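>>> Sequence first, then the predicted structure:
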Amino acid sequence: MADVIEFDEKIDITDKVCPLTFVTAKVAIEELDDGEVLAIRLNDGEPVQNVPRSFKEDGHQVLKLDDNGDGTYTLYVRKVEE
């Protein structure tokens, strides 16, 4: 059984295209408190490649990327205050 990650907020950006995928996710994580976890549902392809990398570049902690088995993934990111 897969590890279940507790999260504080969840968003779905499968209806967005780059660069709005990361912009939408970035706005969502900025609304969280330091240490809280955001779960982001995103499409395969560009979003899966770019969104986790962008969060790492911003200094946040990428916890896990789960394949949902339907062409989407769920990315778990812990907010890290700069």
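Nice, thanks for sending it over.
>>> For the closest residue to Glu81 other than its chain neighbours, give me the backbone phi and psi.
The spatial neighbour of Glu81 that comes closest, neighbours along the chain excluded (C-beta to C-beta, 6 or more residues apart in numbering), is Asp34 at 4.1 Å. To be clear about C-beta, it is placed using only N, CA and C from the backbone, and glycine gets the same treatment. In terms of degrees, to the nearest 10, the main-chain angles of Asp34 are phi -50, psi 130.
>>> ok, now Pro52?
With angles defined as degrees, to the nearest 10, Pro52 sits at phi -60, psi -40.
>>> what's the burial count for the closest residue in space to Val48 that isn't next to it in sequence?
In space, and not counting its chain neighbours, Val48 is closest to Tyr73: 5.3 Å by C-beta to C-beta, 6+ apart. Tyr73: 21 surrounding residues under other C-beta atoms under 10 Å.
>>> Is Leu42 in a helix, a strand, or coil?
Leu42 falls in the strand class when you classify it by DSSP: H, G, I helix; E, B strand; the rest coil.
>>> thinking again about what came up before, do I have it right that the residue nearest to Glu81 meets Lys79?
Yes. Counting by C-beta atoms under 8 Å, Asp34 does reach Lys79; the two are 5.8 Å apart.
>>> Same drill for those two, tell me which one is more crowded.
Legend: neighbour count by other C-beta under 10 Å for Asp34 and Lys79, higher for Lys79 (22 against 9).
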